[in-house]
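Chemist: Provided below are the primary sequence and the corresponding predicted coordinates.
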Amino acid sequence: DAGVIQSPRHEVTEMGQEVTLRCKPISGHNSLFWYRQTMMRGLELLIYFNNNVPIDDSGMPEDRFSAKMPNASFSTLKIQPSEPRDSAVYFCASSLLDIPYEQYFGPGTRLTVT
Amino acid sequence: TQLLEQSPQFLSIQEGENLTVYCNSSSVFSSLQWYRQEPGEGPVLLVTVVTGGEVKKLKRLTFQFGDARKDSSLHITAAQTGDTGLYLCAGDRTSYGKLTFGQGTILTVHP
C-alpha cells in the first residue's frame, strides 16, 4: 500500500517567489495534517483538515501561508511570497478520523529559500 | 517553553547497552505517541499509549505512560546499531489529533 506522497522532495527558490507543496494522503484516511520541522523549533503543526474541511489553522505562521484540500486525495500548502525564514522541511501526515492521533507521515519537502 | 520536554537530547551508547528516553510535561494528554525519524525521512509511528499507567512492548522497546498521563518513557534493551535515529514523543491534549511534539532525542548506537 502506498504511504503519504509528497512532492516535490526538494525545492529551492528565491525570496519573493511563490512555492506550492503537494500532498496525497493514504487512501481511506480522512484527516490530513501539515507540519514544519526546523532545528530551532522542532516539528510544529501548521493546519489540519477533517473530511477536506480546515479545522484548525492556528499554527499557520502568517497570511503568506495558505492551505487547501479540494478533495480527499489531494492537498496543497502555498507560501506567497516566500522568505528565507520559511526554509524548513514540510511534512504532510494523514490519519483516520476516529484515530486522529495515529498519524502517518510523508517523506517531506525540503524547502530552501535564498 | 516546550510543552513536552524530552531528555536527554543526545545519547551515544555502545551496541548491547540499555537506555531510557523520557518525555515530561505539566499538562495531561489524552494520548501520547512515540515516533522514530531517520535522516531525510518522515517520522514513523512506533506506538500509541492512551491509558494512565499503560505499558506496551514492541520487541526490545518498552513504552510506559505515566499514571497521571503527563509523562512517558521509552526503554530500549540491548540496543542495536539499527536503533540509531531521532526519537520523538508527541502528545494530544485535544483528542482531535492536534499533536504537540517534543524536541527529540538523537540516539547513536556504536558497533
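Modeler: Nice, I can see it. On a predicted model such as this, the values are computed, not experimentally measured, just so you know. Residues are numbered from 1 along each chain as shown, chains lettered A, B, ... in the order given.
Chemist: show me which residues of chain A are close to chain B?
Modeler: A:4, A:31, A:33, A:42-45, A:48, A:55-56, A:91, A:93, A:95, A:100-108 (Cβ under 8 Å from any Cβ of the partner chain). C-betas here are computed from N, CA, C, even on glycine.
Chemist: list the residues that contact residue 7.
Modeler: No chain was given, so I picked chain A. A:Leu21, A:Arg22, A:Thr109 (Cβ atoms under 8 Å, 6 or more residues apart in numbering or on different chains).
Chemist: I was after chain B.
Modeler: B:Val21, B:Tyr22, B:Asn24, B:Thr105 are the contacts of B:Ser7 under Cβ under 8 Å, 6+ apart.
Chemist: and for A:Pro81?
Modeler: Taking Cβ under 8 Å, 6+ apart, one finds A:Met15, A:Gly16, A:Gln17, A:Glu18, A:Arg64 in contact with A:Pro81.
Chemist: the most centrally placed residue in chain A and chain B, how far apart?
Modeler: Central residue of chain A (Cα atoms, centre = their mean): A:Trp34, 3.2 Å from the mean position. With distances taken as Cβ to the nearest Cβ, to the nearest Å, A:Trp34 is found 12 Å from chain B.
Chemist: before we move on, the earlier item: and the contacts of A:Ser7, which of them are buried?
Modeler: A:Leu21, A:Arg22, A:Thr109 (16 or more other Cβ atoms under 10 Å in any protein chain shown).
Chemist: among the residues you listed, name the ones in strands.
Modeler: Per DSSP state E, strands hold the following members of these: A:Leu21, A:Arg22, A:Thr109.
Chemist: which residues of chain B lie near chain A?
Modeler: So far as Cβ under 8 Å from any Cβ goes, chain B lies against chain A at B:2, B:30-31, B:33, B:35, B:40-45, B:48, B:88, B:90, B:92, B:95-104.
Chemist: drop anything exposed from those.
Modeler: For the residues of chain B next to chain A, a burial check counting by 16+ other Cβ under 10 Å picks out B:31, B:33, B:35, B:42-43, B:45, B:48, B:88, B:90, B:92, B:96-104.
Chemist: can you tell me which residues contact whichever residue of chain B sits closest to chain A?
Modeler: Distance from chain A to each residue of chain B (Cβ to the nearest Cβ) is smallest for B:Gly97, at 2.7 Å. By Cβ under 8 Å, 6+ apart, the contact set of B:Gly97 is A:Ser31, A:Phe33, A:Tyr48, A:Ser95, A:Pro100, A:Tyr101, A:Gln103.
Chemist: what's the closest non-adjacent residue to the fifth one?
Modeler: For A:Pro100, the nearest residue in space outside its immediate sequence neighbours is B:Gly97; the separation is 2.7 Å by Cβ to Cβ, 6 or more residues apart in numbering or on different chains.
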